[in-house]
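Q: Sequence below, structure please.
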Amino acid sequence: MLQVKNSYASEAVSLLSTFTLIVLMVTLCLSPVANATESQIQVYYFYAEDCSHCNEITVLIAELEDKYPGFSVSRFLISGNSTNSELFNSLILAYNPPAVDIPAVFIGNKSIIGYGLTKETLEEAIVFCMQNKCPDPLSIIYREDEQQSPLLPLLIGTALIEGINPCGFAVLIVLLASLLLVKTKRNVIIVGLVFIASVFVTHFIVGFGIMGWYHFSDMTSIIRNAVIVIVISAGLLNIHDFLRDKATLAIPSSLKQGIVKLARYASIPGAVALGFFSSIVGLPCTGAIYLTTLKLIADTPSETAYYLLLYNFFYVLPLFAIVTIVYTGASLEDVDAWRKGKRRYIRLIGGLVMLAIGIAMLFGLV
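A: So this is what the prediction gives:
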């Protein structure tokens, strides 16, 4: 009887999760329409009289104003106008674009400069701001925009949450257990650090590749919507897994045996290979968090490398903690027992974080 009740409860939770996801996806599809009618898109356009490309862009902007209601353009002629030139310089400092040129458009968090300013790039930025609440460019200068997400604390927090995942912990514990059987503690620290370095480099390269695709893709709004759907789905799935105490997003069973065999070699080359292999196959565990954070980092191109390095440092920090605990004499059995006892709650925390970030992105809060 109890088994039947548990079955019904699990089925009910599954249906509730599916229903919630459908509602969120419908909201996602409808939200661009709502935002398009409510938001006023503030654009700052800088040009010069003796600039031929500026003349073309001036005509283009007039056409786009007719095409898109709510598209408000403030025009600034910088030839011989010191006030407009100072404002232009302030925006350049705030946005930190890769080049300084005119014509220049500042819209939301994006600057479009020189010959990079075309009908396609400007229209894409307008559509994005119609679908997502973009800040007034002046608020970027004065840092007064209340809707600007606190990226650095968010980045550190999500990195730690992604790093505290049962998949990576399990692989490291197997490796350290194999080391302690045949090696000294000095070897434990060396091989453990090599494993962590391999995880760091692999995770960084994967992130760099994904972010490069974000940067060079012409489907900014589509990518953002896809990321939102993925992270919300993963969040709901993790919460569902917490309730039924099973792991859906985990290293595939068919690969676990290979990882265990590789860990038992307990050598530096083995640790390098294990760090790479476990990072790739372990992405289903908490990869949705990384995918979302990478999208947020990609929106700040001037700080991309710094944020990516910082994120990955905090991502591997929990692995450093495990190596340190084992090196100082803690029992691996105790560490593994802690991991097994807490992994259900780690899934819940990860699921709630994914769901919160996804909903925040959905409503333009981040």
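Q: Can I take it that D50 is in a strand?
A: No: the assignment for D50 (DSSP: H, G, I helix; E, B strand; the rest coil) gives coil, which keeps it out of a strand.
Q: Pretty sure it sits against S79.
A: Yes: contact criterion Cβ atoms under 8 Å: D50 and S79 qualify, at 6.9 Å. Where C-beta positions appear, they are placed from N, C-alpha and C, glycine not excepted.
Q: The closest residue in space to G108 that isn't next to it in sequence - how many residues pack around it?
A: Residue nearest to G108 in three dimensions, not counting chain neighbours: C134, with 2.9 Å by Cβ to Cβ, 6 or more residues apart in numbering. Residues lying near C134 (other Cβ atoms under 10 Å) number 24.
Q: the more surrounded of D50 and S79?
A: Neighbours per residue (other Cβ under 10 Å) separate D50 from S79, with S79 holding more: 13 against 7.
Q: Report how many residues lie close to the spatially closest residue to that one that is not a sequence neighbour.
A: What sits nearest to S79 in space, not counting adjacent residues and going by Cβ to Cβ, 6+ apart, is A48, at 4.6 Å. By other Cβ under 10 Å, the residues close to A48 number 15.
Q: quick one, phi psi at D50?
A: Main-chain torsions, D50, degrees, to the nearest 10: phi -90, psi 20.
Q: Pull the contacting residues for it.
A: Counting by Cβ atoms under 8 Å, 6 or more residues apart in numbering, D50 makes contact with S79.
Q: Distance check, it against Y315.
A: D50 sits 51 Å away from Y315, going by Cβ to Cβ, to the nearest Å.
Q: And the helices in the stretch 101-250 of the chain, which stretches?
A: Per DSSP state H, counting those that start in this stretch, the stretch 101-250 of the chain carries helices over the ranges 119-131, 137-142, 151-163, 166-182, 185-216, 220-244.
Q: as a whole number, average confidence for the fifth one?
A: For helix 185-216, the per-residue pLDDT values average out at 84.
Q: buried residues in it?
A: Residues 188-189, 191-192, 194-196, 198-204, 206-207, 210-211, 214 are the ones in helix 185-216 that count as buried (16 or more other Cβ atoms under 10 Å).
Q: for it, packing partners?
A: helix 166-182, helix 268-281, helix 283-298, helix 304-327 (3 or more Cβ pairs under 8 Å, 6 or more residues apart in numbering; DSSP states H and E).
Q: rerun at 10 Å
A: In this structure, helix 185-216 packs against helix 151-163, helix 166-182, helix 220-244, helix 268-281, helix 283-298, helix 304-327, with contacts taken as 3 or more Cβ pairs under 10 Å, 6 or more residues apart in numbering; DSSP states H and E.
Q: now the second one
A: Here helix 137-142 is seen to pack against strand 41-47, helix 82-95, strand 104-107, strand 110-113 when contacts are counted using 3+ Cβ pairs under 10 Å, 6+ apart.
Q: Compare the ones you listed and give me the one nearest A273.
A: Among those, the nearest to A273 by Cβ to Cβ is strand 110-113 (41.0 Å).
Q: quick one on the thing from earlier: mean neighbour count, the helices and strands packed on helix 185-216: which tops it?
A: helix 283-298 (a mean of 23; mean count of other Cβ atoms under 10 Å).
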